[in-house]
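*Asks:* Give me a 3D structure for the following:
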Amino acid sequence: MLVQSIPMYSVTQIIKMIKSITSREVFRNCPEVKKQLWGGEFWSNGYFVSSVGQRGSEAMIANYVKNQGNQDYAKLHEGQLVLFE
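*Replies:* Okay, here's the model as predicted:
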């Protein structure tokens, strides 16, 4: 995910918003998903964040995020529920 924000939101606040909104929407649109999850929780407790300086262009970063893991993705996630494409 590539996220750009204003300085008034902390990384933790942004992650909480993303996790809250996405899980709520997944459960609203696909209620059967909650029954398939361990403990009924969509997201784990942790997260990883990396920042990008002024030298990295948005297009370059977006391309990296979009294409990361493409080679092995199909093999690793074969048969799993598809939520977004």
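*Asks:* What segments of this protein are helices?
*Replies:* 11-29, 32-36, 58-67, 70-76 (DSSP state H).
*Asks:* Nearest to Ser51, out of these?
*Replies:* Nearest to Ser51 among these is helix 11-29; the distance by C-beta to C-beta comes to 8.7 Å. For every residue, glycine as well, the C-beta is placed using N, CA and C.
*Asks:* in the closest one, what counts as buried?
*Replies:* Neighbour counts over helix 11-29 (16 or more other C-beta atoms under 10 Å) mark 15, 19, 23, 26 as buried.
*Asks:* hey, C-alpha coordinates of it in CSV?
*Replies:* Taking Å, rounded to 0.1, in the frame of the first residue of the first chain, the C-alpha atoms of helix 11-29 are listed here in CSV:
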residue,chain,number,x,y,z
VAL,A,11,1.6,6.6,11.5
THR,A,12,-0.3,4.7,14.2
GLN,A,13,-3.5,6.7,13.6
ILE,A,14,-3.3,6.1,9.8
ILE,A,15,-2.8,2.3,10.3
LYS,A,16,-5.7,2.2,12.7
MET,A,17,-8.0,4.0,10.2
ILE,A,18,-6.9,1.7,7.3
LYS,A,19,-7.4,-1.5,9.3
SER,A,20,-10.7,-0.3,10.7
ILE,A,21,-12.2,0.8,7.4
THR,A,22,-11.0,-2.2,5.4
SER,A,23,-12.1,-4.9,7.9
ARG,A,24,-15.5,-3.2,8.3
GLU,A,25,-16.0,-3.1,4.5
VAL,A,26,-14.8,-6.7,4.0
PHE,A,27,-17.2,-8.0,6.8
ARG,A,28,-20.0,-5.9,5.4
ASN,A,29,-19.6,-7.1,1.8
